[in-house]
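J.: need the 3D shape of this:
(one chain, ligands or ions: 1)
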Amino acid sequence: MTFRLWFGMAFGTSPLLTWIQLVLNTVRALAPLVTLVGLKLVIDGLTSRDPSAIGAALIVGGLALSLVVPPVLNALESTVNDRGHLRIYRDLMAHVSRVPGVAHHENPSLADKVAYLRGQVSDMSYLSTGLVGAVVTALEVAATFGLLASVRPEFLLLPALGLLRIWSGSVAGRRQHEVRQRLARHGRMRGRLREIAAAPEHGVETRTSGLGRLLLTRFREVLAAERAETIRASRQGLLLEVAARLGFALGYGAAIAYTVVLVRNGSAPAGDIALIVLLAARVDQVAGMVNGQVQGMARTWRFFKAYGEFVTYVRESVAAGAGSPAPERVLGGITLNGVGFSYPQADAPALRDVDLHLPAGSTVALVGENGAGKTTLVKLLLRLYEPTAGTIRVDDVGMDSIDVGSWRERCSAGFQDFDRFEFVAATTVGVGDLPRLDDRGAVDRALERGDAEDVVAQLPDGLDTQLGSAWQGGVDLSVGQWQRLALARAFMRPEPLLLVLDEPTAALDPESEHALFERFAEATQRSAGGITVLVSHRFSTVRMADLIVVMHEGRLHELGSHDDLMAAGGLYAELYTLQAQAYR
Ligand SMILES: Nc1ncnc2c1ncn2[C@@H]1O[C@H](COP(=O)(O)OP(=O)(O)OP(=O)(O)O)[C@@H](O)[C@H]1O
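T.: This next block holds a predicted model:
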């Protein structure tokens, strides 16, 4: 899997350029050796008074290629590398967006893996360059060994000294990888702190509370911890490398002395001294290259191993979410039996033993104190998570046997923490139903349902206005205006089977909220037996629901219509009365 991913990306991204890269790299690698052979031939020719024309031609040819090929290759490699990076980025983003749930954001080890992959993408120049480099380095090693053996076969022992460098490099590389993986969490933390400190939506609160100083201190602490680890790892690597290089220098010095003795005794031609001295740099360079290649390949391999694990996770999640298409209509309703849910890493379940029937065509309100489990319940209905206990059925079909994508296409949702998509206004609304993104009629109808026509009417270019003051000519909106556009977005889908409104109207006044909810619920029921689930802390809105579900500490506490619950005199009646008194 790891190699298949790597090779597939390396040779699939720019096949022709990769082959040209291979040829030019070979030429670049062999050109200096050609020069060296030419030099030996010329020196041998001079000492035997028989000048070598071939030797001179090899020197000139080798030098010319050494000078001309590298700049061409650099330009080519930068193009190939850029394409490689873009390809990995694109594929990584595609995989992340295919995950049907949101667990990879909330499961720390998965979130760290995604952060590690994101952080390493820009370093993946070894995508095809590394593979080409490996082939070329093997050629260079063979040619350098051949030349050494041509001086004296016993000099083949010299490259063994180079193994010291490869070993030291691999120890240092492994250590750095461990540090990088450990630091992925710090990187995420730094990113989050920077986001809070710099993002406009946090600007007012960070300034009024003076949070900026604290954020800066935390940022510095995280950075300092990261630096300390990185420096420690680099220092260890450097010490090992210096020791390996010293060992190499001593061994090679002995080989040069031995050649000088041989030439003085007349057992070797004088050219051998030039060759062995000049080959010293070459052998060291080749050892360095092999070391670099091994490290680069190991780094890329580790990257693709993590990448492969993530791809497997995505495939498994997608496969787990596959199933039959969502029904055209809901006839009976959605039924929860013994449903429980625990968030990854959470100590206590957020939902326990929920038995509930949401009748087709009804409006169901979820109420309860903060943390009671209302949002968790709607997330299960939207299949952002799967229940960890019990079952959810849509009519007679288990929800988990319905294809997640197909189910979501039939759901609409508006949340309190809505997104401010800074596109042109038509797109900001239109993304609520991607197939009809460019359908201005559909956008207009959604604006009408979401009561957001006024917001667009006030924009200088209407639906074509760029939103967000960070963009050229962009217009910013008030919280309430953004919220109305988010609501309109939730109404882009004409006949949802499930419409979830999780406090999406918190910035509206109670009367507007009430009127809006009535309109939404009516539209949903008329269509396909759709169910509207609304979460609100405003009892003036809640009381209009057909069914009110009171949640308490993750359990279903009370159930019934407003009149039933008031007559029962339980928690709902208490909360309703309290709020009604406050408004009086
Ligand atoms: N992503 C999460 N990871 C871990 N625990 C979570 C997560 N989201 C919510 N919880 C916990 O699950 C419980 C239920 O939270 P939930 O958001 O469903 O409550 P809620 O009733 O919607 O509250 P509110 O009225 O404040 O929106 C809470 O104890 C909360 O701390």
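
J.: please count neighbours and contacts with C-alpha atoms only from this point.
T.: OK.

J.: helix, strand or coil for residue 544?
T.: coil (DSSP: H, G, I helix; E, B strand; the rest coil).

J.: tell me the contacts of it?
T.: For residue 544, the contact set (CA atoms under 8 Å, 6 or more residues apart in numbering) comprises 518, 562.

J.: for it, report the pLDDT, please.
T.: At residue 544, the model reports a pLDDT of 85.

J.: ok, it to residue 326 distance?
T.: For residue 544, the distance to residue 326 equals 29 Å [CA to CA, to the nearest Å].

J.: likewise for residue 374?
T.: Distance from residue 374 to residue 326, by CA to CA: 24 Å.

J.: helices of the stretch 451-584 of the chain, start to end?
T.: Per DSSP state H, counting those that start in this stretch, the stretch 451-584 of the chain carries helices over the ranges 453-457, 479-490, 510-528, 539-542, 562-568, 571-583.

J.: now swap in the stretch 301-450 of the chain and tell me
T.: Counting by DSSP H, counting those that start in this stretch, the helices of the stretch 301-450 of the chain are 374-381, 404-409, 425-430, 440-449.

J.: now do the last one: everything it contacts.
T.: Residues outside helix 440-449 that contact it (CA under 8 Å, 6+ apart) are 426, 429-430, 436-437, 453, 485, 488-492, 516, 519-520.

J.: show the buried residues in these.
T.: 426, 429-430, 437, 453, 485, 488-492, 516, 520 (16 or more other CA atoms under 10 Å).

J.: for these, which one is nearest the ligand?
T.: For the buried ones among the contacts of helix 440-449, the minimum distance to the ligand (CA to the nearest ligand atom) is 18.7 Å, reached by residue 490.

J.: list the contacts for the closest one?
T.: Contacts of residue 490 (CA under 8 Å, 6+ apart): 412, 413, 414, 432, 446.

J.: quick one: it from residue 328, how far?
T.: Distance of residue 490 to residue 328, computed by CA to CA: 19 Å.

J.: then residue 504?
T.: For residue 504, the distance to residue 328 - CA to CA - is 26 Å.

J.: low-confidence ranges in the chain?
T.: Applying pLDDT under 70 to the chain flags the ranges 51, 103-106, 124-127, 200-201, 203-206, 506-507, 520-528, 582-584.

J.: what is the neighbour count of residue 366?
T.: For residue 366, the neighbour count with other CA atoms under 10 Å is 25.

J.: so it touches residue 536, yeah?
T.: Yes: using CA atoms under 8 Å, residue 366 makes contact with residue 536 at a distance of 6.9 Å.

J.: longest single helix anywhere in the protein?
T.: Longest helix of the chain, by residue count under DSSP state H: helix 211-264.

J.: chain center to it, what's the gap?
T.: Relative to the mean C-alpha coordinate of its chain, helix 211-264 is positioned 31 Å out (CA atoms, centre = their mean, to the nearest Å).

J.: just checking, what packs against that helix?
T.: Secondary-structure packing of helix 211-264 (3 or more CA pairs under 8 Å, 6 or more residues apart in numbering; DSSP states H and E): helix 158-198, helix 271-321.

J.: and the first one, what does it pack against?
T.: For helix 158-198, the helices and strands in contact under the criterion 3+ CA pairs under 8 Å, 6+ apart are helix 108-121, helix 200-209, helix 211-264, helix 271-321.

J.: mind redoing it with 7 Å?
T.: Applying 3 or more CA pairs under 7 Å, 6 or more residues apart in numbering; DSSP states H and E, one finds that helix 158-198 contacts helix 108-121, helix 211-264, helix 271-321.

J.: my guess is residue 549 meets residue 559, correct?
T.: Yes: using CA atoms under 7 Å, residue 549 is in contact with residue 559, at 4.8 Å.

J.: and those two? which has more neighbours close in?
T.: residue 549 (24 against 17).

J.: and the more buried one, how far is that from the ligand?
T.: According to CA to the nearest ligand atom, to the nearest Å, residue 549 and the ligand sit 11 Å apart.

J.: show me what contacts that residue?
T.: Contacts for residue 549 (CA atoms under 7 Å, 6 or more residues apart in numbering) come out as 365, 366, 367, 556, 558, 559, 560.

J.: what of residue 342?
T.: 348, 349, 350, 351, 388.

J.: any idea which of those has the most stuff around it?
T.: The residue in those with the most neighbours, by other CA under 10 Å, is residue 351 (26 neighbours).

J.: pretty sure it contacts residue 556?
T.: No: in this structure, residue 351 is not within contact of residue 556 by CA under 7 Å, at 8.8 Å.

J.: save the helices and strands packed on helix 158-198 as TSV, and put in distance to the ligand and mean neighbour count too.
T.: Below are those laid out as TSV (distance: least, CA to the nearest ligand atom, whole Å; neighbours: other CA atoms under 10 Å):
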stretch	distance to the ligand	mean neighbour count
helix 108-121	11	18
helix 211-264	23	15
helix 271-321	18	19
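
J.: in stretch 64-82, what's buried?
T.: For stretch 64-82, by 16+ other CA under 10 Å, it's 65, 66, 69, 70, 73, 76, 77, 80, 81.

J.: those residues in helices, which ones?
T.: Reading helices off the buried residues of stretch 64-82 with DSSP H, I get 65, 66, 69, 70, 73, 76, 77, 80, 81.

J.: how far away is the fifth one from residue 133?
T.: In this case it means residue 73. Distance, residue 73 to residue 133, by CA to CA: 12 Å.

J.: now do the last one
T.: Separation of residue 81 from residue 133 (CA to CA) stands at 13 Å.
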